[in-house]
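Engineer: Quick one, what's the 3D model for this:
(2 chains, ligands or ions: 3)
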Amino acid sequence: MTDMRDDAPPATAKHGSGADHAGDLALEPNGDSLVSRSVTINRPRAELYRFWRDFSQLPTFMDNIVRVDVTGDRTSHWVVAAPGGSTVEWDAEITQDIEDEAIAWASTDGAGVANSGRIEFRDAGARGTVVTATILYDPPGGIVGKAVAKLFQREPAVQARRDLRRFKQLMETGEVATNAVNRQQHEEEIA
Amino acid sequence: MRALAWHGKHDVRVDTVDDPEIVNPRDAIIKVTSTAICGSDLHLYDGYIPTMKAGDILGHEFMGEVVETGPGSTLKKGQRVVVPFTISCGSCYHCGKQQYSACDNGNPADNQDIAQEVYGQPMSALFGYSHMTGGYAGGQAEYVRVPFSDVGPIVVPDGVDDDKVLFLSDILPTGWQAAEYAEIEPGDTVAVWGCGPVGLFAVQSAFLMGAERVIAIDHFPHRLELARKFGAETINFEETKVYEALQEMTGGIGPDACIDAVGLEAHGFFVDNVVDQIKASLFLGTDRTHSIRQAIVACRKGGRVSMPAVYGGIVDKFPLGAFMEKGLTLKTGQTHVQRYLPGLLNAIMEGKIDTTFLISHRLPLSQAPDGYKMFHDKQNEVTKIVLKPDLDRVAA
Ligand SMILES: NC(=O)c1ccc[n+]([C@@H]2O[C@H](COP(=O)([O-])OP(=O)(O)OC[C@H]3O[C@@H](n4cnc5c(N)ncnc54)[C@H](O)[C@@H]3O)[C@@H](O)[C@H]2O)c1
Ligand SMILES: [Zn+2]
Ligand SMILES: [Zn+2]
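Structural biologist: Ligands and ions are numbered 1, 2, ... in the order given. Purely as a prediction, here's the structure:
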């Protein structure tokens, strides 16, 4: 890294996508769009790591993920909502697993939607844990492209931020905040 | 159920809407027995607050009876509770510091984006107060879904009148926090702009905190009269030059602390205010900030300015030079209601704070639209309107 101008994370660079730095972040170079967001959660690092390590729990706070089937110790199958009520699916594999610290995963070959992600947990003293999610993806065209656009919303950074906020709410309060007045409205919202 | 819904500027209606239910584990459902119209509601009524949607149920000052609880609630059916207007989780970093109105978690994730863009950080959630602060249905209704009911509501002892404790929901702690933020020292003179409910509770609180003199400013004779009852000296800004009067009344020093309890709809024919009003009417800005400008200029060197008044946007001609050169301190914010509830409930029970003097009108919920119009048009006589859904139930 010779062109480092300051200490800020690559995803906050004014120029370029920051994707060139994927390697520094221990991400598989799947794609050229990099999104990275941090949130501080008032819970111990180990607890957050444990919750996230079970990928089947991700849909409780990630809006567009319908289901993640854990198929092996390091493998999983992702089902993501696509426009028109259909779904897009892919297999993913854990590429890095440091207990209580970080988990990285990547879609396997032939996924159609190449993507990879990494979640990192760092102690923040009395404030709990800083959680940083980094996602690298390759926005394709066509129907799958639309699905991906929906998965990450038009602004992937916004979607990542919302998902992290919901993760924080769930971990800190035991529930995900909603302004729904009744259960039917709530179900329509999360569908 | 019946509830007061916002439909646009100066258009609020009592609609029939879906009953609320328990949605999350920590929820409770409250059957409302008393709910007030607030000065902050007038900002919504006048269309000054963005991110409102037609059909939004208003109201953030309410109390009632617990009729249903989720498995995570600590409340019990039949208890009477006053509900803080701030929705706070009790478990985030800010709640841990008792900064309840800065709670990270009450506001749904999607609703946090707006304030994140506009203010740099997402706002916490409030009942019945636009989508930027959560889009939660408010308390001017027969029933309300109260999230985090194990943290917010305070249980009221049996036999105590609603009217005595209702204002714990907002304006009493707001007036109290305003005085606390003025960091009053014995012997201080405190000036309070605005003798609405917030200003009047700030007057009472300032004396309880040791102020020697309180000077209250408004233009409504009846409201000034209420301030005088609590021991304040008064200035009617339509009769008197406020800055000059404050200098003379403090021997040329200026008040030690200034409290702005007016907010973004300051009245009066002052050049800056007229410019603000024209800009607001052209949507070039929404805030009219005459009172906070005047408070900063009037304040003594090294003094404190406390601003409970609500502002939403960007202001022009903020006297930043006076603020810096005089070395002032400004404290402001939505009230950390939960922080003050036990202490203030005690003060009410011991008769140290009078709350019922404020109520000028009690109306059935069905007459809420008239209530808004009255509170808006006749501020001199109408000091506080309390809506009672039971008055409709009796009539029915
Ligand atoms: N910080 C909080 O959490 C919080 C909570 C509740 C209310 N508020 C805000 O506090 C403010 C006051 O609330 P309220 O219910 O007392 O409102 P209110 O409208 O009843 O009272 C405002 C008073 O200010 C007076 N006034 C107008 N222009 C003035 C001027 N130029 N100089 C002196 N007085 C002037 C009006 O005549 C009126 O009596 C509002 O902005 C409200 O939104 C803030
Ligand atoms: Zn209020
Ligand atoms: Zn909180």
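
Engineer: Give the helix, strand or coil label for the residue of chain A found nearest ligand 1.
Structural biologist: When distances are taken as Cβ to the nearest ligand atom, chain A reaches nearest to ligand 1 at A:Asn179, 19.6 Å away. (C-beta placed from N, C-alpha, C; glycine too.) Three-state assignment for A:Asn179 (DSSP: H, G, I helix; E, B strand; the rest coil): coil.

Engineer: before we move on, what about the one 10 residues further on?
Structural biologist: Under the three-state scheme (three-state DSSP), A:Glu189 adopts helix.

Engineer: show me what contacts it?
Structural biologist: For A:Glu189, the contacting residues are A:Thr178, A:Ala180, by Cβ atoms under 8 Å, 6 or more residues apart in numbering or on different chains.

Engineer: Let's see that with 6 Å instead.
Structural biologist: Applying Cβ atoms under 6 Å, 6 or more residues apart in numbering or on different chains to A:Glu189 gives the contacts A:Ala180.

Engineer: A:Asp163 now?
Structural biologist: Contacts of A:Asp163 (Cβ under 6 Å, 6+ apart): A:Met62.

Engineer: Need the phi and psi values for it.
Structural biologist: Note on A:Asp163: its backbone torsions stand at phi -60, psi -40 [degrees, to the nearest 10].

Engineer: Near ligand 3, which residues of the stretch 1-150 of chain B? Just list them.
Structural biologist: With Cβ under 5 Å from the ion as the criterion, the stretch 1-150 of chain B comes near ligand 3 at residues B:Ser88, B:Cys89, B:Cys92, B:Cys95, B:Cys103, B:Asn105.

Engineer: which non-adjacent residue is nearest the residue most central in space within chain B?
Structural biologist: With distances taken as Cα atoms, centre = their mean, B:Ile171 lies nearest the centre of chain B, 4.8 Å away. Ranked by Cβ to Cβ, 6 or more residues apart in numbering or on different chains and with sequence neighbours excluded, the top spatial neighbour of B:Ile171 is B:Pro197, at 4.3 Å.

Engineer: Kindly tell me how buried that neighbour is, as a neighbour count.
Structural biologist: The burial count assigned to B:Pro197 is 26, neighbours taken as other Cβ atoms under 10 Å in any protein chain shown.

Engineer: can you tell me which residues contact it?
Structural biologist: B:Pro197 touches B:Ile171, B:Leu358, B:Lys384, counting by Cβ under 6 Å, 6+ apart.

Engineer: correct me, but the first one touches B:Gly196?
Structural biologist: Which is B:Ile171. No - between B:Ile171 and B:Gly196 there is no contact, the gap being 8.4 Å when judged by Cβ atoms under 6 Å.

Engineer: anything in contact with each of those two?
Structural biologist: Counting by Cβ under 6 Å, 6+ apart, B:Ile171 and B:Gly196 have no shared contacts at all.

Engineer: Any regions of chain A where pLDDT drops low?
Structural biologist: Applying pLDDT under 70 to chain A picks out residues A:1-4, A:16-26, A:29-33, A:83-84, A:111-113, A:138-156, A:191.

Engineer: Can you tell me, leaving aside adjacent residues, what's nearest to whatever residue of the stretch 1-150 of chain B ends up closest to ligand 2?
Structural biologist: Closest contact between the stretch 1-150 of chain B and ligand 2, by Cβ to the ion, is at B:Cys38 (2.9 Å). In this structure, B:Cys38 finds its nearest non-sequential neighbour in B:Glu61, 5.5 Å apart by Cβ to Cβ, 6+ apart.

Engineer: Equivalent analysis for B:Asp104, please.
Structural biologist: B:Cys92 (4.1 Å).

Engineer: Please list all residues in contact with the one you found.
Structural biologist: Residues near B:Cys92 by Cβ under 6 Å, 6+ apart: A:Asn42, A:Glu172, B:Cys103, B:Asp104, B:Asn105.

Engineer: Now do the contacts for the residue nearest to the centre of chain B.
Structural biologist: Contacts for B:Ile171 (Cβ under 6 Å, 6+ apart) come out as B:Pro197, B:Val198, B:Phe201.

Engineer: hmm, try it at 10 Å
Structural biologist: Taking Cβ atoms under 10 Å, 6 or more residues apart in numbering or on different chains, we find B:Ile171 in contact with B:36, B:38-40, B:61, B:85, B:196-202, B:261, B:308, B:335, B:355, B:358, B:384.

Engineer: Surely B:Arg49 is within a strand?
Structural biologist: Let me fix one detail, which is that residue B:49 is Ile and not Arg. No - counting by three-state DSSP, B:Ile49 is not part of a strand but coil.

Engineer: quick one: buried residues of the helix or strand containing B:Lys331?
Structural biologist: In the assignment (DSSP states H and E), B:Lys331 maps to strand B:329-332. For strand B:329-332, a neighbour-count test (16 or more other Cβ atoms under 10 Å in any protein chain shown) marks B:Leu330, B:Thr332 as buried.

Engineer: Show me what it is packed against.
Structural biologist: helix B:171-181, strand B:257-260, helix B:290-298, strand B:304-307 (3 or more Cβ pairs under 10 Å, 6 or more residues apart in numbering or on different chains; DSSP states H and E).

Engineer: What mean pLDDT does the first one get?
Structural biologist: Pointing back at helix B:171-181 there. Across helix B:171-181, pLDDT averages out at 98.

Engineer: and it, how far out from the chain's middle?
Structural biologist: Centre-to-centre, helix B:171-181 and its host chain are 9 Å apart (Cα atoms, centre = their mean, to the nearest Å).

Engineer: That helix and ligand 2 in contact?
Structural biologist: No - contact of helix B:171-181 with ligand 2 (Cβ under 5 Å from the ion) is absent, the minimum separation being 5.7 Å.

Engineer: Need the CA coordinates for that helix. CSV is fine.
Structural biologist: In CSV, the C-alpha atoms belonging to helix B:171-181 read as follows (Å, rounded to 0.1, in the frame of the first residue of the first chain):
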residue,chain,number,x,y,z
ILE,B,171,-43.9,19.4,29.2
LEU,B,172,-43.1,19.1,32.9
PRO,B,173,-39.8,17.2,32.4
THR,B,174,-39.1,19.5,29.4
GLY,B,175,-39.5,22.6,31.5
TRP,B,176,-37.4,21.0,34.2
GLN,B,177,-34.6,19.9,31.8
ALA,B,178,-34.7,23.5,30.4
ALA,B,179,-33.9,24.9,33.9
GLU,B,180,-31.3,22.2,34.6
TYR,B,181,-29.6,23.0,31.3
